[in-house]
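Engineer: Have a look; sequence and predicted model below, questions after that.
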Amino acid sequence: MAIKEILLLGNPKLYEVSETVQESELNDLALVIKDLHDTMIDFRNKYGVGRAIAAPQIGIFKRLLYMYIDEPVVFINPTLEFIDDEMMEIIDDCMSFPQLLVRVKRYKRCTIEYLDLQWEPRKIMLEGDLSELLQHEYDHLDGILATMRAIDNKSFYLRSEIFS
C-alpha cells in the first residue's frame with residue numbers, strides 16, 4: 001500500500017494550478033493512481049467519508065482526479081461545463097481539512113469531459129451529489145479550496161459540532 005500524506009489547509013501548495021497530463025506520461029500514472037486509491041481508502045477508513053481525491057492533494061500537480069464509488073474512475077485533464085444556472089447549497093467537506101465543513105453553492109448539473117486511461121475522450125453528465133463532488137475535486141486542479149467558495153463568513157462548521 002502506498003498511502004501518501006494529504007496536504008492540509010494552510011499548505012501554500014494547495015493553491016497551485018496543476019499542469020496538463022501529457023500522453024507521454026500515461027505509463028507513469030499507474031503508480032500515482034495507486035497512491036490516490038490507497039490514500040483515499042485509508043482516509044475513508046479513518047473518517048468514514050471520501051469518494052474522490054485530486055492529485056494535488058497528495059502533492060502531484062497534474063490535472064488528474066480519482067473517484068471510487070462503485071468502481072474506480074480516473075479523469076485525466078478534465079474540463080467542466082455547466083448545463084444551466086440552477087444551483088444547490090450544500091455542506092462541503094474535504095480531505096485537506098477533515099474536521100471542517102463549509103457551506104457552499106454548486107451547480108446542480110454539469111458535464112465533465114476527460115481522457116480515460118487509454119487516452120480516449122469521454123463525456124458524462126452529472127447531477128446532484130456527483131455534480132457537486134466533481135466540481136469540488138476539479139477546483140483542486142485550479143488551486144481552489146471549498147473554503148474559498150464559502151457562502152459567507154458564517155459558513156464554517158466543525159464536524160464534531162454537526163455530527164455529535
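Structural biologist: Now that the structure is in, tell me what you want to look at. Since this is a predicted model, take the numbers as computed values, not measurements.
Engineer: which stretches of the chain aren't confidently modelled?
Structural biologist: Low-confidence segments of the chain, defined by pLDDT under 70: 1, 163-164.
Engineer: Closest to the centroid, which residue in it?
Structural biologist: Glu137 (2.1 Å; CA atoms, centre = their mean).
Engineer: and Leu126, what is it in contact with?
Structural biologist: Arg109, Cys110, Thr111, Ile112, Leu133, Leu134 (CB atoms under 8 Å, 6 or more residues apart in numbering). Backbone N, C-alpha and C define where each C-beta goes, glycine included.
Engineer: Point me to the helix or strand that includes it.
Structural biologist: Following DSSP states H and E, one finds Leu126 within strand 121-127.
Engineer: what's the next secondary structure element after that strand?
Structural biologist: helix 129-141.
Engineer: Check the offset of that next one from the chain's centre.
Structural biologist: 5 Å (CA atoms, centre = their mean, to the nearest Å).
Engineer: Okay, buried residues for that helix please.
Structural biologist: Leu130, Ser131, Glu132, Leu133, Leu134, Gln135, His136, Glu137, Tyr138, Asp139, His140, Leu141 (16 or more other CB atoms under 10 Å).
Engineer: Closest one of the residues you listed to Thr20?
Structural biologist: Leu141 (9.8 Å; CB to CB).
Engineer: Stretch 88-99: end-to-end distance?
Structural biologist: Chord length of stretch 88-99, first to last residue, is 22 Å (CA to CA, to the nearest Å).
Engineer: hmm, back to that, want to try CSV for the buried residues of helix 129-141, with distance to Ala2 as columns?
Structural biologist: Shown next, in CSV, are these (distance: CB to CB, whole Å):
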residue, distance to Ala2
Leu130, 26
Ser131, 30
Glu132, 28
Leu133, 23
Leu134, 24
Gln135, 27
His136, 23
Glu137, 20
Tyr138, 24
Asp139, 25
His140, 19
Leu141, 21
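Engineer: out of those residues, which one sits closest to Arg103?
Structural biologist: Using CB to CB, those come closest to Arg103 at Glu132, 12.2 Å.
Engineer: Perfect, I'm done here.
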